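Student: Attaching a predicted model along with its sequence, questions to come.
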Amino acid sequence: MSENTSRTELSALGEFGLIERLASRIQLQQASSVKGIGDDAAVIDPQDLHQVVTTDMLLEGVHFDLGYVPLKHLGYKAIVVNLSDVYAMNATPTQVTMSIGVSNRLSVEALEDFYEGVYAACDKYGVDLVGGDTASSQKGFIISVTAIGEVEADKVVRRSGARKGDLLCCSGDLGGAYIGLLFLEREKRIYMENPSIQPDLEGESYVIGRLLKPDARRDIIEFFEKAGIVPTSMMDISDGLSSEILHICEQSGVGCILYEEKIPISEESRNAAFKFQIDPTACALSGGEDYELLFTIRQEDYDKVQANSNISIIGYMTESEKGAHIITKGGSTHAITAQGWNAFKK
Ligand code: ADP
Ligand code: MG
């Protein structure tokens, strides 16, 4: 990925000039975006739809490490993780705002790289950047994104709607981002000890891509719309499968059975996990940052979902008294515990 090599100090442009430079290429796409950047507030016309609003904050040293995360990827990911939350409500994202706290350690060119990623994500998902804020930070890069989406009132999907007998499903494959993080942290450690050693990430581009450049599952929400499915509950998988399953069980007042053999894990993730001598299933259950969707559907939607190769049926919901359990490949049953963690937390 090409990065700017010249260096212009932020002070040379000032806040006003900086915003102008970063925002100069915006063209609003969404019909609901009436006014974007440039006034005291953006104006949005939701017409007769419901709007969903979500915010995430990313702090340098807590959620990301500029030692191995390229700024362009960071900008892309900062947008995508918020869009993932919008899709998890069965909504379509329409606008985002981007607020940043920057120290003078970052140059104008570095911020341009960051915004290149922001715009790449906005273009890909068809959302408008309609505002934000810019402040100086004493220490570290601070990012806060708000995403807005729209959905017909009767199609909003919460975490609380799962019922006994519903099928438990997820999109894509799990665990890869966490293994990607293990690789990058290992290479960083080696580099810190001996900067002359070049990173050895050969063959691990899949898991590293899962961490650095995740994508949000717009395709799954579009599939629901086309197939006439409204999931009974849904959320995105940011903290590991087990903790997210427990959220759905708790908020819906149900239990569940999860089958280990049904958990989707890519061949690349499996091989990479073995190199670290860790269990790929543990990565899927407790790793984070996969940004897939976890949802429940009525049994009558089984055939429709079964036909979609991007969706795995991994279990079913039970009455709450039965609790949440996983049946392992060996046939033993264990309670699911919330070991999920945010993989970026140190
Ligand atoms: P105000 O003083 O009213 O907060 P600002 O000077 O901070 O206005 O911002 C001017 C315009 O630029 C506003 O439309 C704001 O939403 C937008 N903006 C400010 N910072 C950013 C940013 N980092 N990214 C995108 N838009 C921004
Ligand atoms: Mg402002």
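Tutor: Cool, the structure landed. Numbering: from 1, shown residues only. Ligands and ions are numbered 1, 2, ... in the order given.
Student: Now stretch 13-33: buried residues?
Tutor: Within stretch 13-33, the residues that count as buried by 16 or more other Cβ atoms under 10 Å are 13, 18-19, 22-23, 26, 28, 30, 32-33. Every C-beta, even on glycine, is put in place using the N, C-alpha and C of the backbone.
Student: Just say helix, strand or coil for S99.
Tutor: strand (DSSP: H, G, I helix; E, B strand; the rest coil).
Student: and it, what is it in contact with?
Tutor: Applying Cβ atoms under 8 Å, 6 or more residues apart in numbering to S99 gives the contacts 132-135, 143-146.
Student: Around ligand 1, which positions in this structure sit nearby?
Tutor: 19, 23, 37-40, 98, 100, 129, 131-134 (Cβ under 6 Å from any ligand atom).
Student: And L111, how close does it get to V118?
Tutor: 10 Å (Cβ to Cβ, to the nearest Å).
Student: now do G240
Tutor: Taking Cβ to Cβ, one finds G240 at 27 Å from V118.
Student: Mind listing what's buried along whatever helix or strand E187 lives in?
Tutor: Using DSSP states H and E, E187 sits within helix 176-193. By neighbour count on 16+ other Cβ under 10 Å, the buried set for helix 176-193 is 176-184, 187.
Student: Please render those as a markdown table that adds distance to I229 and pLDDT to the earlier fields.
Tutor: Shown next, in a markdown table, are those (distance: Cβ to Cβ, whole Å; pLDDT from 0 to 100):
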| residue | distance to I229 | pLDDT |
| --- | --- | --- |
| G176 | 26 | 97 |
| A177 | 26 | 97 |
| Y178 | 29 | 96 |
| I179 | 31 | 96 |
| G180 | 31 | 96 |
| L181 | 33 | 95 |
| L182 | 36 | 94 |
| F183 | 36 | 93 |
| L184 | 37 | 93 |
| E187 | 42 | 89 |
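Student: hmm, back to that, just the ones of the residues of the chain next to ligand 1 in strands?
Tutor: 98, 100, 129, 131-134 (DSSP state E).
Student: and those, which are buried?
Tutor: Buried among these by 16+ other Cβ under 10 Å: 98, 100, 129, 131-132, 134.
Student: Can you give me the distance of the closest residue to G132 other than its chain neighbours to L129?
Tutor: Of all residues beyond its chain neighbours, the one nearest G132 is M98 (4.1 Å), with distances taken as Cβ to Cβ, 6 or more residues apart in numbering. Here the distance between M98 and L129 works out to 6 Å (Cβ to Cβ).
Student: now do F223
Tutor: In terms of Cβ to Cβ, F223 sits 27 Å off from L129.
Student: With E152 instead?
Tutor: 25 Å.
Student: where does the stretch 1-150 of the chain have low pLDDT?
Tutor: Scanning the stretch 1-150 of the chain for pLDDT under 70 picks out 1-4.
Student: Mind doing that once more with 80?
Tutor: 1-5 (pLDDT under 80).
Student: residue boundaries of the helices in it?
Tutor: 10-23, 71-87, 108-125 (DSSP state H, counting those that start in this stretch).
Student: Ranking those by mean neighbour count, which comes first?
Tutor: helix 71-87 (a mean of 25; mean count of other Cβ atoms under 10 Å).
Student: Would it be right to say that C256 lies in a helix?
Tutor: No. Counting by three-state DSSP, C256 is not part of a helix but strand.
Student: Could you report the pLDDT at it?
Tutor: We have a pLDDT of 98 for C256.
Student: Point to the residue nearest the middle of this protein.
Tutor: A centroid search over the chain (Cα atoms, centre = their mean) returns V81, at 3.3 Å, as the residue closest to the centre.
Student: so who does that residue touch?
Tutor: V81 neighbours (Cβ under 8 Å, 6+ apart): 56, 145, 214, 216, 238, 291.
Student: Swap in 6 Å and give it another go.
Tutor: D56 (Cβ atoms under 6 Å, 6 or more residues apart in numbering).
Student: so how far is C169 from it?
Tutor: V81 is 21 Å from C169, by Cβ to Cβ.
Student: try L49
Tutor: From L49 to C169 the distance is 26 Å (Cβ to Cβ).
Student: Tell me which of these two has more neighbours.
Tutor: Shown here are L49 and C169; by other Cβ atoms under 10 Å, C169 has more neighbours (25 against 17).
Student: For that one, what are phi and psi?
Tutor: phi -130, psi 160 (degrees, to the nearest 10).
Student: OK, contacts around it?
Tutor: 295, 311, 313.
Student: Counting by contacts, list what the helix holding E187 packs against.
Tutor: helix 205-212, helix 267-275 (3 or more Cβ pairs under 6 Å, 6 or more residues apart in numbering; DSSP states H and E).
Student: which is the next helix or strand following the shortest one?
Tutor: Under the assignment DSSP H and E, the closest C-terminal helix or strand after helix 205-212 is helix 218-227.
Student: quick one: contacts of that next one?
Tutor: So helix 218-227 is contacted by 87, 171, 293, 304, 308 (Cβ under 6 Å, 6+ apart).
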